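Undergrad: got a predicted structure here, sequence first:
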Amino acid sequence: MKLFDFNRLMEAFNGFIETKVELWKLEAKEELGGLIAKMLVVMLVALGAVMTLLFFSLGLAYVFNDLLDSDILGFVVVGAFYAVITIGLYIKRGDIVESVVRKQNKEIDGISDEDGL
């Protein structure tokens, strides 16, 4: 009588590894499904925000056209406004990226802004 049956031990170990791999696959599928759902919601909200901004911008451009008694000056004014905002964001891009990275690092470390930092 053997105390340890090596073949049974290897079969049990292989079964354990296979079970762990299957568990990891299921967890990965669950995480991926949640991530896809979140991304879809963010994309739909972003699309709605872009469409809202587009139509408000067009409306504002037409209002400026009416006020300036022109067919295109309203669009030029609204376009110039967005150009100024874009240039400002481009100039501050380094600070914005640094701020986002710092916030992400704090969240990863378990420190939130609500803790008084």
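TA: Arrived safely.
Undergrad: give the next helix or strand downstream of the lengthiest helix in the chain.
TA: Scanning the chain for the helix with the most residues, using DSSP state H, yields helix 6-68. As assigned by DSSP states H and E, the chain's next helix or strand after helix 6-68 is helix 73-91.
Undergrad: where does pLDDT dip in the chain?
TA: For the chain, the stretches flagged by pLDDT under 70 are 1-4, 111-117.
Undergrad: residue 91 and residue 85, how far apart?
TA: According to C-beta to C-beta, to the nearest Å, residue 91 stands 11 Å off from residue 85. Where you see a C-beta, it was placed from the backbone N, CA and C, and this is true even at glycine.
Undergrad: please read the previous query as pertaining to residue 101.
TA: From residue 101 to residue 85 the distance is 22 Å (C-beta to C-beta).
Undergrad: repeat for residue 46
TA: Remark: distance between residue 46 and residue 85 (C-beta to C-beta) = 17 Å.
Undergrad: find the residue closest to residue 65 in space, skipping its chain neighbours.
TA: What sits nearest to residue 65 in space, not counting adjacent residues and going by C-beta to C-beta, 6 or more residues apart in numbering, is residue 74, at 3.5 Å.
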